[in-house]
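what follows is a predicted protein model with its sequence.
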Amino acid sequence: MAVALAAALAAFAPAASRADSDERDHNLARQAVERGEIKPLAEILRIVRGKLPGEVTSVKLEREHGRLSYELRVVGAQGRLLEVHVDAATGEIGRTREK
């Protein structure tokens with residue numbers, strides 16, 4: 001019984017950690033948008049979809065070189081998976097690479 005409980009807690013810990021991280025990311029993004037430091041995700045998605053047609057499958061907000069950027073995963077028309085970095089303040093598409 002103790003082994004089963006320990007295994008269950010160990011399995012739950014990474015999920016809880018991810019949930020905490022997601023919540024922190026969400027709060028960071030919300031606060032930065034409210035302060036006018038970055039563009040809202042909806043605007044970033046419009047920019048990216050206008051230039052890189054495809055399905056956005058994931059989004060992360062990251063700090064790179066002291067600036068916030070959105071990292072998007074986009075499945076393009078040819079079925080290729082692209083990693084797209086967008087400056088969160090300007091909406092400028094930066095580094096794009098195939099995964």
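Sure thing, it's come through. Residues are numbered from 1 along each chain as shown.

now Ile47: phi and psi?
Main-chain dihedrals, Ile47, degrees, to the nearest 10: phi -60, psi -50.

would you mind measuring from it to Gly79?
For Ile47, the distance to Gly79 equals 22 Å [C-beta to C-beta, to the nearest Å]. Every residue, glycine included, has its C-beta placed from N, CA and C.

those two: which has the busier surroundings?
Ile47 (16 against 7; other C-beta atoms under 10 Å).

excluding its backbone neighbours, what's nearest the more buried one?
Of all residues not flanking Ile47 in the chain, Gly91 sits nearest, at 4.7 Å (C-beta to C-beta, 6 or more residues apart in numbering).

can you get me a residue count around that neighbour?
15.

what of Arg24?
With neighbours defined by other C-beta under 10 Å, the count for Arg24 comes to 11.

in terms of helices and strands, where is it?
If you go by DSSP states H and E, Arg24 is part of helix 2-34.

about what we covered before: doesn't Gly50 make contact with the residue nearest to Ile47?
No: look at Gly91 against Gly50 with C-beta atoms under 8 Å: they stay out of range, at 10.3 Å.

about what we covered before: hang on, the residue nearest to Ile47 in a strand?
No: assigned with DSSP: H, G, I helix; E, B strand; the rest coil, Gly91 falls outside any strand and is coil.

from Val84, how far off is it?
Distance of Gly91 to Val84, computed by C-beta to C-beta: 12 Å.

kindly report the same for Arg30.
For Arg30 relative to Val84 (C-beta to C-beta), the value is 22 Å.
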